[in-house]
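A.B. asks: have a look; sequence and predicted model below, questions after that.
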Amino acid sequence: MNIRDLQQALKDVGSLLGASGASKPASDVDDFAKLLDGKADQDLAKVLDQLKAELLPVELTVKALQAAGTDEAAFLVVLRQLESRKLAKSEIQAITRGYTGTADKAASANKLLKAISTYFYGLAYERDSRAMAKVATPV
């Protein structure tokens, strides 16, 4: 499927929503279709990955970090996207708070990103410690 097909499907969904009286969702679907203008002949998967990197809001970023669990490769993909985007410090604070449970208001953006990384590696350490404890032979 290419972007042209997706845009047409989104326009159809927007029309159905509008006809059923759901004007706000119809407007949202139309706005999403407009984001795809100029990309009509590109591959859908490639464009969606690009849009995710550009538009991933705070809540989705936190969910993506949480979904990575202790999978380092998945975590690093999300972290690299965070580092490459130009986010406001308040957004990075919100992401850090959502993922780690706390965020220092005085910390720089780089320190907040480091806190996210430190939290992840703490989770990975705990996972590994538990795994080692399961196979340990008591003395």
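C.D. replies: Ah, there it is. Numbering: from 1, shown residues only.

A.B. asks: against residue 17, how distant is residue 25?
C.D. replies: Residue 25 sits 5 Å away from residue 17, going by CB to CB, to the nearest Å. Every C-beta, even on glycine, is put in place using the N, C-alpha and C of the backbone.

A.B. asks: what about these two, which has more around it?
C.D. replies: Neighbour tally, residue 25 and residue 17, criterion other CB atoms under 10 Å: the higher count belongs to residue 17, 18 against 14.

A.B. asks: buried ones in the host helix or strand of that one, by neighbour count?
C.D. replies: Assigned by DSSP states H and E, residue 17 falls within helix 3-19. Neighbour-count burial for helix 3-19 flags 3, 6, 7, 10, 13, 14, 17 (criterion: 16 or more other CB atoms under 10 Å).

A.B. asks: cool, and stretch 31-50?
C.D. replies: Within stretch 31-50, the residues that count as buried by 16+ other CB under 10 Å are 32, 33, 36, 39, 47.

A.B. asks: return the distance of that stretch from the chain's centre.
C.D. replies: Here stretch 31-50 is found 17 Å from its chain centre; the criterion is CA atoms, centre = their mean, to the nearest Å.

A.B. asks: could you redo the buried residues of helix 3-19 as TSV and give each row pLDDT and distance to residue 93?
C.D. replies: What follows is the buried residues of helix 3-19, written out as TSV (pLDDT from 0 to 100; distance: CB to CB, whole Å):
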residue	pLDDT	distance to residue 93
3	79	34
6	82	34
7	82	36
10	86	33
13	90	35
14	88	35
17	89	35
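
A.B. asks: between those, which sits nearest residue 94?
C.D. replies: residue 10 (28.8 Å; CB to CB).

A.B. asks: for the residue sitting nearest the centre point of the chain, what are its contacts?
C.D. replies: What sits nearest the mean C-alpha location of the chain, by CA atoms, centre = their mean, is residue 61, with 3.2 Å. For residue 61, the contact set (CB atoms under 8 Å, 6 or more residues apart in numbering) comprises 78, 81, 82, 95, 98.
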